[in-house]
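Novice: Okay, predicted coordinates and the sequence, questions at the end:
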Amino acid sequence: MGFSADSSGGGSHGGQGSWTSMRFLTRRKLVDSSHQKTEGQLAKELSVPHLIGIGVGSTIGAGVYVLVGTVAREHSGPALAFSFLIAGLAAALSAFCYAELASRCPSAGSAYHYSYICIGEGAAWLIGWALILEYTIGSSTVARGISPNMAAFFGGMDHLPFFLARHHIPGTDMVVDPCAAIVTLIITGLLCVGIKASTTVQGIITSVNVCALMFVIIAGTYLGFKSGWAGYELPSGYFPFGFDGLLAGSATVFFAYIGFDSVASTAEEVKNPQRDLPLGIGAAVFLCCALYMIVSIVVVGLVPYYAIDPDTPVSSAFANHGMQWAAYVINAGAFTALCSSLMGGILPQPRILMAMARDGLLPPLFSDINKCSHIPLKSTVTTGLVAAIMAALMDVSELAGMVSVGTLLAFTMVAISILILRYIPPDEVPLPSFHEQSNDSVSSKNSSISDRRCDKHGEVNISASEDIKPVATKEDMRIHCPLISQHFNIGNHLHEGHRRKIVGWTIALTCLGVLILTYAASASNLPRPVRFTFCGVGGFLVLSGLIFLTCINQDDARHNFGYSGGFLCPWVPLLPIASILINCYLLINLGADTWARVSIWLAIGVLVYVFYGRTHSSLRNAVYVPVTHVDEMYRTSPS
């Protein structure tokens, strides 16, 4: 198992053969390491406080000021805090997976980067393309909501200055929102200054939002004790909609947590990624969950859930107790929350574009890093301009559901990557073709050492005239040296070889079982016998995969994958499988209209990949060598 030209779908599959073998979809790239060139990289400026600011600012948007009313009225009732808790625990499953991969593979690109390393180029392109859509529409949606909140300070939309007010274009349904475009361009300019300056400003804006939420909590608690918490003294009890309503509310508020993945996208700019990234992700999720729960406890306690105003639940709750002036504080919090969320939406996308361009899947224009600000300037400007134009000219609220598709797909792929990393980590890595000579030298050296050891003990004496295969793994050494075979017999070797295939199929069948189970559980229009049959088949595959992966040992090679000394995801395989199950259930329940729109975008992505990314990939001419050879090859390579 020595040198192999594109053994995993590399160079030879980049041409005509790719149409028949399709193996180019599974070619995987190398984890960034100290062997790679350091010039032109992003500046390492971020620490834990910066990461927490990014995570909290990206996650807590203005939705918290609206979401509590809608979910309490329609799903959870006074038990709204439990819905946020369940959703927070579900989000924490993905956060654990992100934390390990971010510390092991601290490079820009987030879920795209992890999928490319663990799963393959096809899955990575799918995730990267979906995330581009997510961040573009998400940023435009957030920007579109800024002008109504800003109008509250001027006395209404009709009192906004002309250059900020919305204007209807005669003869069309288009409503131009210059305020959204202006704020988007200002934030884009701030992001162009540098990562440290922009994250510092985002931290300040996020602090204002948190202070507004703390005001809601403190003042609301005072009013609650003063009035006797009328919202909890109901004849219908604490769970008026039952446990099903509680879970439905959790599924709705789960999307209030999609934002912590922005922390992972800045991994390349973190000073100490092995320590800081897990802390930043974990602290962001914990703080957001705590704030959501406490605010919901206060709001549903002040006003009975059925009397909460669905549009302005927080401010109306205070108004019912004679504190109309509190609306100004709450509007300030909502405005700063939108600005911080907009910044958190624009920040990751240039880094994903940069990572994809580095890998050759997008034009190299997007990978250029400014020498002064040390950020992907061209990608940032492009992202900001597109978001500003969309926010100004389009009401993208109907497309907001498409944002969830990219996030949930990313969460799912990250969880699958954890299973692959733990049980079947890549045993071969791609390197540029000029390393072929170094690999042959290392293989010959290892072969000579093996021959001398065997000859010393009188076991085997291989003639110099014999054809010697490059020795790349322990398996070849066992074949050539019976002394070692006494301890590691061929049966164990064959069993290990089959083990990777069996585990790979087990992970694939488990994911298939998740799809069948979640689809059957959601398809209420299916006949009951068919539905129960599908549920049984899917549940059997998921349970069997979980039991099998629990009973076998994880691969020892996982310890040498990427950077060591970082966070390790607990409860594997239970935690990632549970994460896959939750994310797939939410994906299937997003609705047919959302999937129809997303399918059009993904179809465009397939065309872009087929006609550009596939043929320009940096792995199209790569050679694949054993992981054990990489360090010595870099030491011996003259380049």
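Specialist: Thanks, I have it.

Novice: Show the backbone phi and psi for the residue lying closest to residue 50 once chain neighbours are set aside.
Specialist: Distances taken as CB to CB, 6 or more residues apart in numbering place residue 199 nearest to residue 50, at 4.4 Å, with adjacent residues excluded. Quick note: C-beta positions are derived from backbone N, CA and C, even for glycine. Here is the backbone geometry of residue 199 (degrees, to the nearest 10): phi -70, psi -30.

Novice: Residue 199 contacts residue 54, doesn't it?
Specialist: Yes: between residue 199 and residue 54 there is a contact at 6.0 Å, judged by CB atoms under 8 Å.

Novice: Who are the packing partners of the helix or strand harbouring residue 541?
Specialist: Per DSSP states H and E, residue 541 falls inside helix 528-551. Where contact means 3 or more CB pairs under 8 Å, 6 or more residues apart in numbering; DSSP states H and E, helix 528-551 is packed against helix 490-522, helix 574-588.

Novice: Adding mean neighbour count, mean pLDDT and distance to residue 327, write these out as CSV.
Specialist: Output for the helices and strands packed on helix 528-551, formatted as CSV (neighbours: other CB atoms under 10 Å; pLDDT from 0 to 100; distance: least, CB to CB, whole Å):
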stretch, mean neighbour count, mean pLDDT, distance to residue 327
helix 490-522, 16, 83, 39
helix 574-588, 22, 96, 33
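
Novice: thinking again about what came up before, between residue 199 and residue 54, who's got more neighbours?
Specialist: The neighbour comparison of residue 199 against residue 54 (other CB atoms under 10 Å) goes to residue 54, with 32 against 26.

Novice: How much space separates the more buried one from residue 60?
Specialist: The gap separating residue 54 from residue 60 is 12 Å, by CB to CB, to the nearest Å.

Novice: can you check residue 532 too?
Specialist: Relative to residue 60, and taking CB to CB, residue 532 is found at 41 Å.

Novice: if you count what's nearby, which of these two comes out ahead?
Specialist: Between residue 532 and residue 60, counted using other CB under 10 Å, the more crowded position is residue 60 (28 against 12).

Novice: these two touch, right, the more buried one and residue 337?
Specialist: Yes: counting by CB under 8 Å, residue 60 does reach residue 337; the two are 5.9 Å apart.

Novice: joint contacts of these two?
Specialist: By CB atoms under 8 Å, 6 or more residues apart in numbering, residue 60 and residue 337 have these common neighbours: residue 209.

Novice: Residue 322 - that's part of a strand, no?
Specialist: No: judged by DSSP: H, G, I helix; E, B strand; the rest coil, residue 322 forms no part of a strand; its state is coil.

Novice: Now do it, the pLDDT please.
Specialist: Model confidence at residue 322, given as pLDDT, is 88.

Novice: Relative to residue 136, how far out is it?
Specialist: Remark: distance between residue 322 and residue 136 (CB to CB) = 43 Å.

Novice: of the two, who's got more company?
Specialist: Each of residue 322 and residue 136 has its neighbours counted (other CB under 10 Å); residue 136 has more, 23 against 9.

Novice: Please settle this for me: is that one part of a helix?
Specialist: Yes: assessed with three-state DSSP, residue 136 lies in a helix.

Novice: what sits against it?
Specialist: By CB under 8 Å, 6+ apart, the contact list for residue 136 reads 349, 383, 386-387, 390.

Novice: try residue 509
Specialist: 541, 544-545.

Novice: again with residue 370
Specialist: Listed by CB under 8 Å, 6+ apart, the contact set of residue 370 reads 376-377.

Novice: make it 7 Å
Specialist: residue 377 (CB atoms under 7 Å, 6 or more residues apart in numbering).

Novice: now residue 366
Specialist: Taking CB under 7 Å, 6+ apart, we find residue 366 in contact with 353-354, 357, 376, 378-379.

Novice: Distance of it relative to residue 141?
Specialist: For residue 366 relative to residue 141 (CB to CB), the value is 23 Å.

Novice: re the thing from before, the residue nearest to residue 50 and residue 51 touch, don't they?
Specialist: No: using CB atoms under 7 Å, residue 199 is not in contact with residue 51, being 8.3 Å away.

Novice: Let me see the mean pLDDT of the one helix or strand residue 345 maps to.
Specialist: Per DSSP H and E: residue 345 is located in helix 326-346. For helix 326-346, mean pLDDT rounds to 92.

Novice: wait, is residue 624 part of a helix?
Specialist: No: going by three-state DSSP, the assignment for residue 624 is strand, not a helix.

Novice: confidence score at the residue nearest to residue 131 when sequence neighbours are not counted?
Specialist: Of all residues not flanking residue 131 in the chain, residue 406 sits nearest, at 4.9 Å (CB to CB, 6+ apart). pLDDT recorded at residue 406 is 91.

Novice: The host helix or strand of residue 57 packs against which elements?
Specialist: If you go by DSSP H and E, residue 57 is part of helix 48-59. Contacts defined by 3 or more CB pairs under 7 Å, 6 or more residues apart in numbering; DSSP states H and E place helix 48-59 against helix 195-227, helix 261-265, helix 273-302, helix 326-346.

Novice: So which residues of the stretch 101-250 of the chain form strands?
Specialist: Secondary structure of the stretch 101-250 of the chain (DSSP state E, counting those that start in this stretch): strands located at 167-168, 175-176.

Novice: Residue 83: which of these is closest?
Specialist: Across those, residue 83 has its closest neighbour in strand 175-176 (33.7 Å, CB to CB).

Novice: Not counting that closest one itself, show me its contacts.
Specialist: Here strand 175-176 makes contact (CB under 7 Å, 6+ apart) with 166-169, 392-393, 395.

Novice: Can you give the strand pairings for that strand, parallel or anti for each?
Specialist: strand 167-168 (antiparallel) (DSSP bridges).

Novice: What mean pLDDT does the strand it pairs with get?
Specialist: Averaged across strand 167-168, the pLDDT comes to 86.

Novice: same thing with stretch 201-208?
Specialist: If you average the pLDDT over stretch 201-208, you get 94.

Novice: picking that back up, which of the contacts of strand 175-176 tops the neighbour count?
Specialist: For the contacts of strand 175-176, the largest number of neighbours (other CB under 10 Å) sits with residue 392, at 22 neighbours.

Novice: tell me the phi and psi of that residue?
Specialist: With angles defined as degrees, to the nearest 10, residue 392 sits at phi -80, psi -40.

Novice: what's around residue 201, how many residues?
Specialist: Neighbour count of residue 201, defined by other CB under 10 Å: 19.

Novice: ok, it touching residue 187?
Specialist: No: with contact defined as CB under 7 Å, residue 201 and residue 187 do not form a contacting pair (9.0 Å).

Novice: Quick one: low-confidence residue ranges for the protein.
Specialist: The chain contains residues with pLDDT under 70 at 1-21, 32-40, 397, 433-497, 629-639.
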